[in-house]
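A.B. asks: need a structure here:
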Amino acid sequence: MKIDHFRDTTRLSLGEPSTVGIPLGEPLSQVAAISVKRDDGVEAGVWECTPGRWRRQIVQQEFCHFIQGRCTFTPDGGEILHIQAGDALMLPANTTGVWDIQETVRKSYVLIF
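C.D. replies: Here you go, the predicted structure:
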């Protein structure tokens, strides 16, 4: 059995940044991540996003723990969620809405397929 271990997620080097898929104005958020995916479809990793506003559909159910930063997420038809370092969320599969990143966010996450 192979065990992947992320020791210090605040200093972990992530992949090359790219622009978010559906930006909503300027600045254009840049995202970077590192992850591992098991054969059974479970994926875990660390994700970072710079300030900006964008639409997101989270296809898989996601548990995430915010390590640093500050943002909001407004699910379509729902109330705004204010999120900061130390917060944790469980997002249902197919969650749609708008992310507004005020201060670069870094989170650890688990996607459940």
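
A.B. asks: contacts, neighbours, all on C-alpha from now
C.D. replies: Fine.

A.B. asks: centroid residue for the protein?
C.D. replies: Nearest to the geometric centre of the chain sits residue 47, at 5.3 Å (Cα atoms, centre = their mean).

A.B. asks: so what's that residue closest to, chain neighbours aside?
C.D. replies: Of all residues beyond its chain neighbours, the one nearest residue 47 is residue 33 (4.3 Å), with distances taken as Cα to Cα, 6 or more residues apart in numbering.

A.B. asks: Can you give me the neighbour number for the one you found?
C.D. replies: Each residue near residue 33 was counted by other Cα atoms under 10 Å, and the total is 19.

A.B. asks: what's the spacing between the longest strand anywhere in the chain and its chain's center?
C.D. replies: With residue count as the measure and DSSP state E as the assignment, the chain has strand 95-112 as its longest strand. Between the centre of strand 95-112 and the centre of its chain there are 3 Å (Cα atoms, centre = their mean, to the nearest Å).

A.B. asks: got it, and stretch 50-66?
C.D. replies: Per Cα atoms, centre = their mean, the displacement of stretch 50-66 from the mean C-alpha position of its chain is 4 Å.

A.B. asks: What residues sit buried inside it?
C.D. replies: Within stretch 50-66, the residues scored as buried using 16 or more other Cα atoms under 10 Å are 50-56, 60, 62-66.

A.B. asks: do the same with stretch 71-88
C.D. replies: Under the neighbour-count criterion of 16+ other Cα under 10 Å, stretch 71-88 has 71, 72, 73, 74, 75, 83, 84, 88 buried.

A.B. asks: Reformat these as JSON lines; add secondary structure and pLDDT.
C.D. replies: What follows is the buried residues of stretch 71-88, written out as JSON lines (DSSP: H, G, I helix; E, B strand; the rest coil; pLDDT from 0 to 100):
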{"residue": "71", "secondary structure": "strand", "pLDDT": "98"}
{"residue": "72", "secondary structure": "strand", "pLDDT": "98"}
{"residue": "73", "secondary structure": "strand", "pLDDT": "97"}
{"residue": "74", "secondary structure": "strand", "pLDDT": "97"}
{"residue": "75", "secondary structure": "strand", "pLDDT": "96"}
{"residue": "83", "secondary structure": "strand", "pLDDT": "98"}
{"residue": "84", "secondary structure": "strand", "pLDDT": "98"}
{"residue": "88", "secondary structure": "strand", "pLDDT": "97"}
